[in-house]
Each structure stands twice: as structure tokens, then as C-alpha cells.
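In: Got a predicted structure here, sequence first:
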Amino acid sequence: MRVVGEDAVTREFERLATGTPRVVTAGNFATPMTLLGLVDGALPQYRLFALNGQPGLPDRAGVIHETPFVGLGVRRSDRLEYIPARLSLVPQLFAQTHMPDVVLLHTTTPRDGRVSLGIEVNVLPAAVERARQRGGLVVAQMNPRMPWTFGDAELSLDLVDLALEVDEPLQSPMPRPPSRLAEAIGARVAALVPQGASLQLGIGAVPDAVLESLRGHRGLRLWSEMFSDGVLALRDAGALAESERLVASFLFGSPELYAWVHRNPRVWMLRTEVTNDPGRIARQPAMTAINSALEVDLFGQANASWAGGRIHSGFGGQSDFVVGALHAAGGSAVIALPAWHPKADKSTIVGVLDGPVTSFQHSWVVTEYGAAAIWPETSTQQASNLIAVAHPRARAALKAEAQRRSLVR
């Protein structure tokens, strides 16, 4: 690895300016913005591959956004190419159809011949490996503020071609206190979680509220694709199993969270194809996957990806964890969502999805009105249970729809 300045990095990027290279960058809240700005200035056109890209990503003519999980920064882009893929399978894209030419990392400063990927491991180790195999360029933005995390986060300096030293604050999501509605749903979900469960929680207000409601539990484990500040509440309440590692693939949150994970031996950051492997998920005791959705239909199918006729996010890890949790001893898969969508002004429990299915065959669907048992109920019982937890304004129409589809006797 050579530590160089911005001019030297720019010259390396300019060598790729004759084609349309694919640039894979750390996503979520770990995107190396300084490096990405140098790429954007050096390359007239390129493909940018980022998971859950946030506002601030380059979005201009010549930049094509590729992603299996759409973030707020590219959700409305006219140059978005969505790739339907489970998160566990994304590393295979780098080997088969979306080979990286450049990989941009956001790392710690070096120590003992290594750097750490810190808060964003995810699919980056696979991207680095593929880029090295095909003679691509791996560049690190080394930031002294990036927390050092262990596991697959630790990367040998031999795998990095160039490094640029940049001291800048890490990004954090805007804090949003949970609403009373989210708190009500969180309390209902928490009642379904056994003591000593292994937890996976998705992104959003409802999963955060679930963690707050789990403060009274004990012996909780974490095997998740990600976590955020809610884990700190479990720590403070003594709800976490003291002898167990907290396993995830990426994280984001407050400066307090970043300080807590720094060189914390309890936090173990692994690559996505490990954390999201349904077989490994199924081996976790009482694995409880808790995710949200935009809508659920009377057949128990959940849509967490599409809204208004266009892609909103993607599969993420939801389908991986639903399958893994259902196969775990004492496991369960929960979909939690408000019964009414305030912006669209309609029920989130619908007759039949009018878009793609993200996941199905869950254990429970939970709203503020209750918990509907799904697996292993009959299709008629599933529909009846879902109608019971739908918003009262929607129940009559849902019952009529169920009768038309022979789902209710």
C-alpha cells in the first residue's frame, strides 16, 4: 500500500477514463466522500455500485447507479439500474456479471500491517478480492475517526493499492424519536421474543422501537446484517448475553455508538455472505428475525421493496433471515408494520400485492392492533388473522376480498 496525495490518486483514476469502469464503494453511512469526489472529477462516465447510497452521491449525466438495495441518495435518479438480489448473493454478482474495476474503502489508519473497515464490512471483502484477481484498483480513504472493529473488518495492507489520509467526521443518520404508534407495535413484537433469543432487526422506526421494548429481556444475542443505537439501550439495561459476541455486517448510528464499538472485542463484523447465509442463521438459538414492510396481503406475502410502482429499496437481508429463522430451533420470523399508511392514506394489509414479493411464510405479522399468526396456519386462518390486525376502516373490504378469493368460509 502506498499513501499518496489527492493528485496521485486522481492520476490513477484518470487512467480509466477511456472506458466506463465500475466503481464499487462503501455504502450506507460509510461512503468515502473525498475519494468519490476525486473519482467523479477524473472520470467522464462510470458505473457506481453502492448499497443503500445516501444523499451526496454524484448524480449526473455519465454516472450510472447500480445497486441491489436502493438508498435515499439515488431513489429518484433517472440513471438508476436496480439489481434484484438477496444480500447474501451480492458477492456472486462481483464474480459473474458486475466485476469491479475500482473499489473505494473507508478505513481506519494502519496498525500492525492492517486497517479495519470499521462500520461497513458488508460486501466489500468480496469486491476487494475480485478487483485484485482481475487487476483492478483498491483505494482506501484512511480516517483516524473510523472505529476499529474486528473479524472480517480487518484487512491486510497488501490488499490495498493506494491510500489517502482524510480526517473527517463519520456520517450519522438523523435521530428520530419513536412515535407512540411505533412504540405500541414494538411492545407487541417484544412479547413474541423469548428470553435468550438471537436477534436480527432491519432498518426503521419499528425495529428501533422493538429494541427499546426488549430492555426487560435477558440473555439476548445478536446475529444480524446490521445494528444501530438500539443495541446501546439493551446494553444499558443488561439485556445482552455477556459472554456472546454481537455479530453484524455493517452498522451506523450516533458518535456514542461508534465510540462503543471501537476495539470492542464483543463486536464481530463479518462479511455479508456469512452473516446472511440462511444455513448459518438457522444455527443460531431461537433466531428471531424482525423486519418491516410496506404492505402485506391476505396470502401472507410481504412487499418491502416497491412503492408507487417503482423500486423503493430492495430485498436486503429480509428474505435471507426469514428463511434462516424459520429453520432455526425455536426460531420465528416477524413482519411488523403500522396498519395504515399515513402518506398513501390506505391500509397496509391488502387483498393481493400489486407488486413484487420481498418475503413470505412468516411466523407473525404484527400491527398496533395485534399479532396475526401466519405459519403454520391454513390459508383461510392466515387471512382471518390478518384481517383481525388490519385497520378497522379496512376490515370490511378485506373480508369481502377474502370471500371472493375463497380465503374465508
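Out: All right, it came through fine.
In: got the CA positions of the helix-or-strand element of the chain with minimal mean pLDDT in PDB?
Out: Within the chain, no helix or strand scores below helix 205-213, which has a mean of 87 by mean pLDDT, DSSP states H and E. This file holds the C-alpha atoms of helix 205-213, laid out as PDB (Å, rounded to 0.1, in the frame of the first residue of the first chain):
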ATOM      1  CA  ALA A 205     -38.600   3.200  13.400                       C
ATOM      2  CA  VAL A 206     -40.500   0.000  14.200                       C
ATOM      3  CA  PRO A 207     -37.400  -2.200  14.600                       C
ATOM      4  CA  ASP A 208     -35.800   0.500  16.800                       C
ATOM      5  CA  ALA A 209     -38.900   0.600  18.900                       C
ATOM      6  CA  VAL A 210     -38.800  -3.200  19.300                       C
ATOM      7  CA  LEU A 211     -35.300  -2.900  20.800                       C
ATOM      8  CA  GLU A 212     -36.500  -0.400  23.300                       C
ATOM      9  CA  SER A 213     -39.300  -2.800  24.300                       C
END
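In: next helix or strand past it?
Out: Where DSSP states H and E defines the elements, the next helix or strand beyond helix 205-213 is strand 221-223.
In: Touching that next one from outside, list them.
Out: 196-200, 231, 240-241, 244, 246-248, 275, 280-281, 284-285, 287 (C-beta atoms under 8 Å, 6 or more residues apart in numbering). Placement of C-beta: from N, CA and C, glycine included.
In: mind listing which of these are in strands?
Out: Among these, DSSP state E puts S198, L199, Q200, L246, V247, A248, M287 in strands.
In: Closest one of these to V166?
Out: Ranked by distance to V166 (C-beta to C-beta), these are led by A248 at 24.7 Å.
In: N122 versus that closest one, what's the distance?
Out: Shown here: A248 relative to N122, a distance of 10 Å by C-beta to C-beta, to the nearest Å.
In: Would you mind telling me which of the two has more residues around it?
Out: Applying other C-beta atoms under 10 Å to A248 and N122 shows that N122 carries more neighbours, namely 31 against 26.
In: Please name the bridge partners of the nearest residue to the more buried one once chain neighbours are set aside.
Out: Of all residues not flanking N122 in the chain, F250 sits nearest, at 4.7 Å (C-beta to C-beta, 6 or more residues apart in numbering). When assigned by DSSP bridges, F250 has beta-bridge partners E120, M226.
In: number of nearby residues for F250?
Out: 28.
In: For the stretch 301-409 of the chain, which segments are assigned as helices?
Out: Ranges of helices in the stretch 301-409 of the chain, per DSSP state H, counting those that start in this stretch, are 318-327, 379-389, 392-404.
In: Please name whichever of these is nearest to L36.
Out: So among those, helix 318-327 is nearest, using C-beta to C-beta, at 27.7 Å.
In: what does the closest one rub up against?
Out: 86-88, 200, 202, 224-225, 276-282, 284, 287-289, 291, 302, 304, 331-333, 358-363, 375.
In: Return a ChimeraX selection command for the buried portion of these.
Out: Restricted to buried positions by 16 or more other C-beta atoms under 10 Å, the ChimeraX selection for these reads:
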select :86,87,88,200,202,224,225,276,277,278,280,281,282,284,287,288,289,291,302,304,331,332,333,358,359,360,361,362,363
